[in-house]
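[1] Give me a model of this one.
(one chain, ligands or ions: 1)
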Amino acid sequence: MKYLVLGASGAVGRACVRTLLGREDAHVVAAGRNLPRLEREWRAYGAGSPDTVRVDLDEPGSVDAALAGPAGPVDVVVNCAGPSYRYSAPTAETALRHGARYVDAGGDQALIDATAAAAEKHGALAVFGAGVQPGLAGVAVRAVAARLADPATTEIHAHCGGVQPLSRAGLDEYLHAVRARTGHPGKIYQRGALHTLPPDSGMAVPAAFPGTARAHVSLDEECRAAAEELGLAALWWGNITGSVPIEQALSRALGQERTHTETLRAIDAAVSGARPYFRISLQGTAGHGTSRQATVRVRTVLHCADSYALTGAVAALAALEDPRGRTGAVWMSEYVDARRFWDRMATDVPGVSLVLDTAPAASLPEPSEPAEKSGQFEEGEL
Ligand SMILES: NC(=O)c1ccc[n+]([C@@H]2O[C@H](COP(=O)([O-])OP(=O)(O)OC[C@H]3O[C@@H](n4cnc5c(N)ncnc54)[C@H](OP(=O)(O)O)[C@@H]3O)[C@@H](O)[C@H]2O)c1
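    Numbering: from 1, shown residues only. Next comes the predicted model:
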């Protein structure tokens, strides 16, 4: 199988290419707009370097030319170039027109809806949100729900985030998402509807996170879609920020008090003074039948130091999945087998560790127990 990875010089694209290069049956072509720089970077990587091709997404016809020319024909186009709101729609359309499967690390519901017709027309599949959030966030919700027998009584409390640097495309994407009001800040999902929490109501931070972490209630489109499709009783989602200086830098960027470059510099400085970490933590409980009394509990925590490397690996693993004849446009989290995909984070992605406990509700300790805080989830442990 031949894979064309766009944005192969970026934080996500590099990890995606590396993961694909580890597969014997994958022919990998790395694409970037600065070919000499890309070739230098991958030569330095050493044995098993990918082929390279120049693609500039600001030049109309550049992806077409690569797919019709030296890089083509391609089985899967993996788009790790960003920001996604600028490049994904035309790139997906071009890939699908060439009969390739399309996998994108970014994307939102509007993009999925806009791509669905082209995917059906060309009898191909477009997979969006092949990353962490969106991506593993939705996978984790589905994986926990799959372990609890009764969705109608299943309540999930989730937290995701940490202290991470921000890439240039990541900053662009964040500012765009906040300004375009994608997602549901301040809301939770409960019995078929979204509910707004009072502005000052916080969400407790589980002991899987260091004491400096703060949770902001916010449900994204992907997790809302999962909760609705599964018919969950409730889904609470807290985005974790682990550093006050990073929060301040982002709020100044939103207020246009700082340029992108100044914001990225401020965030780099904040990260270098801290220990980077990233975690996704979920706790699900379910009763039996109509009982509201929780009888089963599932708790899972994923840890890693670099969420961009994790995103690139996830994009590669999604690209390696067998589509089994599926067509259309979907979230990655509804495309993969969530339970299996979540479990393989422990074995298939270097630098990631996963804790997963399933037990009768009474036999698992509360997640906020101080004992756990001083145990295996200490900040910087990875
Ligand atoms: N789902 C998730 O959890 C998640 C997490 C992180 C990122 N993402 C998404 O992944 C994408 C990449 O993010 P990143 O963190 O890797 O950002 P990044 O480090 O800033 O990399 C962006 C990449 O896009 C390339 N690019 C930008 N403009 C281009 C153009 N006109 N033509 C060709 N290539 C171009 C850049 O090439 P140059 O090196 O030449 O600038 C670079 O390779 C973004 O869409 C982001 O939203 C998703």
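[2] For the residue nearest the centre of the chain, list the residues it contacts.
    The residue lying closest to the centre of the chain (C-alpha atoms, centre = their mean) is residue 132, at 1.8 Å. Applying C-beta atoms under 8 Å, 6 or more residues apart in numbering to residue 132 gives the contacts 160, 278, 280, 307, 310, 311, 314. Yep, even glycine has a C-beta here, placed from its N, CA and C like the rest.
[3] Figure out the helix or strand that the first one lives in.
    The one in question is residue 160. strand 155-163 (DSSP states H and E).
[4] Send me stretch 45-54 as CSV with only the CA atoms.
    Extracted in CSV, the C-alpha atoms of stretch 45-54 (Å, rounded to 0.1, in the frame of the first residue of the first chain):
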residue,chain,number,x,y,z
TYR,A,45,16.6,10.3,10.0
GLY,A,46,18.7,7.6,8.4
ALA,A,47,17.7,4.1,7.3
GLY,A,48,14.2,3.6,6.0
SER,A,49,13.8,7.2,4.8
PRO,A,50,10.6,7.8,2.8
ASP,A,51,10.4,9.0,-0.8
THR,A,52,9.7,12.7,-0.9
VAL,A,53,7.6,15.0,-3.2
ARG,A,54,6.9,18.7,-3.2
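[5] how about it: buried residues?
    49, 50, 52, 53, 54 (16 or more other C-beta atoms under 10 Å).
[6] re earlier: quickly note the distance from the residue nearest to the centre of the chain to residue 203.
    Relative to residue 203, residue 132 is positioned 19 Å away (criterion: C-beta to C-beta, to the nearest Å).
[7] cool, and residue 31?
    According to C-beta to C-beta, residue 31 stands 41 Å off from residue 203.
[8] Which of the two has more residues huddled nearby?
    Taking neighbours as other C-beta atoms under 10 Å, residue 31 and residue 203 compare with residue 31 leading, 31 against 20.
[9] Skip the chain neighbours and tell me the closest residue to the more buried one.
    Leaving aside its sequence neighbours, residue 31 sits nearest to residue 55 (C-beta to C-beta, 6 or more residues apart in numbering; 4.0 Å).
[10] which stretches of the protein form helices?
    Secondary structure of the chain, counting by DSSP state H: helices at 11-21, 35-45, 62-68, 84-97, 109-121, 136-147, 168-179, 221-230, 244-254, 260-272, 307-320, 332-335, 338-348, 370-373.
[11] Show me what from the stretch 151-300 of the chain comes close to the ligand.
    Contact residues, the stretch 151-300 of the chain versus the ligand (C-beta under 6 Å from any ligand atom): 167, 168, 169, 170, 173.
[12] The fourth one and residue 82 touch, don't they?
    Yes - counting by C-beta atoms under 8 Å, residue 170 does reach residue 82; the two are 7.5 Å apart.
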